[in-house]
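Engineer: Provide a 3D model corresponding to the input given below.
(4 chains)
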Protein chains: 2
Amino acid sequence: MNIGDAAEATGLPAKTIRYYEEIGLVASNRRPNGYRNYGEAELHSLRFVQRARSLGFSVSDCRDLLSLYGDRERSSADVKALAQAKLKEIDAKIEELQSLRSALGNLIDACAGDHRPDCPILDDLARD
Amino acid sequence: MNIGDAAEATGLPAKTIRYYEEIGLVASNRRPNGYRNYGEAELHSLRFVQRARSLGFSVSDCRDLLSLYGDRERSSADVKALAQAKLKEIDAKIEELQSLRSALGNLIDACAGDHRPDCPILDDLARD
DNA sequence: CTTGACCTTCCTGTGACTGGAAGGTCTACA
DNA sequence: TGTAGACCTTCCAGTCACAGGAAGGTCAAG
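Structural biologist: Okay, the predicted model is just below:
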């Protein structure tokens, strides 16, 4: 299976698949003509990474997760710890965005939004 | 006022202040010895940008906001529109993070987190 | 034999900085 | 007067996770 088909099968752009190979995340076999060749095992890894990325894990996290996935001696506690750390990051981001949202929302509510130049938003940004 | 003092006064790292000058966001005067020299006007702009950034505006947005701030003919509606677009972006990010949080949270809840290798988190990432 | 859809590698750019090297300047103190 | 060290300067490289594009090789169909 060529990279284009692998891209379609996994939902990842071909560029991204090449990138994952370049950084040593998901290897590939090569045909005699130099083309990359993807089998079920590689597709599986690519899909694994795709899902982990979409859950918010970094590429580096994916490396760890793939390694845990391949380790028959792993403890599920190790995976859970990784996931919980990620969850904490996500919670922190949500909280930050919410306080940001609230501050910006207040400014917007205070602004008339008409043709006149008076604007509480700019006033706040420019306050001494 | 040298860049170090300006950094302290605005809360921005000196590196960042130089960067803002490089991209043409906040200019500076120079002393005969080549050192940057910051007066009240420049400090004001830097603080303005610092606040706008901390509200989630991009550097490009800051450029627009600075320009609106300096425009006596502006309409507050223009500023409000910019802020509302940003608010929409923030809301979208919050929503995305929340659905992500929920998906990851479910997986975590399903994982025993003990010494055994069985792990619903990995199972989900590796599902066919 | 050609066309066009693939594939390859390599280089550059993104956003918003951050770190570090190499070297110039200023101030305080002996 | 010399010097230490705390500033300042520019320039280059790295971050993260790719995306865009150029130049050129390969393949299947007609």
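
Engineer: pLDDT averaged over the longest helix that chain A contains - what is it?
Structural biologist: When chain A is scanned for its longest helix (criterion: DSSP state H), the result is helix A:76-110. Mean pLDDT, helix A:76-110: 96.

Engineer: what about it and chain B, touching?
Structural biologist: Yes. Interface with chain B: helix A:76-110 contributes A:76-77, A:79-81, A:83-84, A:86-87, A:90-91, A:93-94, A:97-98, A:100-101, A:103-105, A:107-108 (Cβ under 8 Å from any Cβ of the partner chain). All C-beta atoms are positioned from the backbone trio N, CA, C, and that covers glycine.

Engineer: and the angle for that helix with helix B:76-110?
Structural biologist: Direction vectors for helix A:76-110 and helix B:76-110, defined by axes from the mean of the first three to the mean of the last three Cα atoms, to 10 degrees, enclose an angle of 160 degrees.

Engineer: Which elements pack onto the next helix or strand after helix A:76-110?
Structural biologist: The helix or strand immediately downstream of helix A:76-110 is helix A:120-125, counting by DSSP states H and E. Helices and strands touching helix A:120-125, by 3 or more Cβ pairs under 8 Å, 6 or more residues apart in numbering or on different chains; DSSP states H and E, are helix A:76-110, helix B:40-54, helix B:59-69, helix B:76-110.

Engineer: Just want the residue of chain A that's nearest DNA strand C.
Structural biologist: With Cβ to the nearest atom of the strand as the measure, the residue in chain A that lies nearest DNA strand C is residue A:4; the distance is 2.7 Å.

Engineer: Report the buried members of the residues of helix A:76-110 next to chain B.
Structural biologist: Neighbour-count burial (16 or more other Cβ atoms under 10 Å in any protein chain shown) is assigned, among the residues of helix A:76-110 next to chain B, to A:76, A:79-80, A:83, A:86-87, A:90, A:93-94, A:97, A:100-101, A:104, A:107-108.

Engineer: between the helices and strands packed on helix A:120-125, which gets nearest to residue A:125?
Structural biologist: Evaluated over those, closeness to residue A:125 peaks at helix B:40-54, with 4.9 Å, by Cβ to Cβ.

Engineer: which residues touch the residue of chain A most remote from its centre?
Structural biologist: Most distant from the centre of chain A: residue A:116, at 42.6 Å, with distances by Cα atoms, centre = their mean. When contacts are counted by Cβ atoms under 8 Å, 6 or more residues apart in numbering or on different chains, residue A:116 touches B:75, B:76.

Engineer: Compute the inter-axis angle for the longest helix of chain A and helix A:59-69.
Structural biologist: With the same axes, to 10 degrees as the criterion, the two stretches helix A:76-110 and helix A:59-69 enclose an angle of 150 degrees.

Engineer: Does at least one residue of helix A:76-110 sit close to DNA strand C?
Structural biologist: No. Taking Cβ under 7 Å from any atom of the strand as the criterion, helix A:76-110 and DNA strand C are apart, separated by no less than 14.2 Å.
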